[in-house]
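Asker: Here is a sequence together with a model predicted from it:
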Amino acid sequence: YDTIPPAVQRRLVEIEGELMQALEKADAEVDKADDAVEVATKFSYTAAERVHSAWMELFGELFATYVDGYTAVPDPTNKVCGCKKQQNPFPAEWNEEVAARA
């Protein structure tokens, strides 16, 4: 599972960056709006929907990329999916434990 957190962290940074840019723009709109509560509410709702969609999309990407302990990587020679699966290395501690139990 140690191969997945970096992918999640990268996407989290992207989402936070997008949200901060959108928030700066929304703040400017709220400052000028006569109906500031409505503008802020609409922004909050829309932002929540976008974040939810982004996390659902990420779930699909993570599931397809890291299923069964493998990592899907591009392989243009594969005419079916354009990818291949690579086995992720097991931690040394795990290998030692398995060997000790054998």
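Answerer: Okay, I see it.
Asker: only C-alpha atoms for contact and neighbour calcs from this point on.
Answerer: OK.
Asker: And the longest helix anywhere in the chain, what's buried?
Answerer: Using DSSP state H to define each element, the chain has its longest helix at helix 36-66. The neighbour-count check on helix 36-66 (16 or more other CA atoms under 10 Å) flags Val39, Ala40, Phe43, Ala47, Val51, Leu58, Leu62, Thr65, Tyr66 as buried.
Asker: How is the closest residue to the fifth one other than its chain neighbours assigned, secondary-structure-wise?
Answerer: Read it as Val51. Of all residues not flanking Val51 in the chain, Ile15 sits nearest, at 7.3 Å (CA to CA, 6 or more residues apart in numbering). Here Ile15 is recorded as helix under DSSP: H, G, I helix; E, B strand; the rest coil.
Asker: My guess is Ile15 contacts Ser53. True?
Answerer: No: using CA atoms under 8 Å, Ile15 and Ser53 do not qualify as a contacting pair, with a distance of 10.9 Å.
Asker: Next, the angle helix 36-66 makes with the helix or strand Ala7 falls within.
Answerer: Counting by DSSP states H and E, the element that carries Ala7 is helix 4-32. Here helix 4-32 runs at an angle of 170 degrees relative to helix 36-66 (axes from the mean of the first three to the mean of the last three CA atoms, to 10 degrees).
Asker: Output the contacting helices and strands for helix 4-32.
Answerer: helix 36-66 (3 or more CA pairs under 8 Å, 6 or more residues apart in numbering; DSSP states H and E).
Asker: so what secondary structure elements neighbour the helix it packs on?
Answerer: Here helix 36-66 touches helix 4-32, strand 70-74, going by 3+ CA pairs under 8 Å, 6+ apart.
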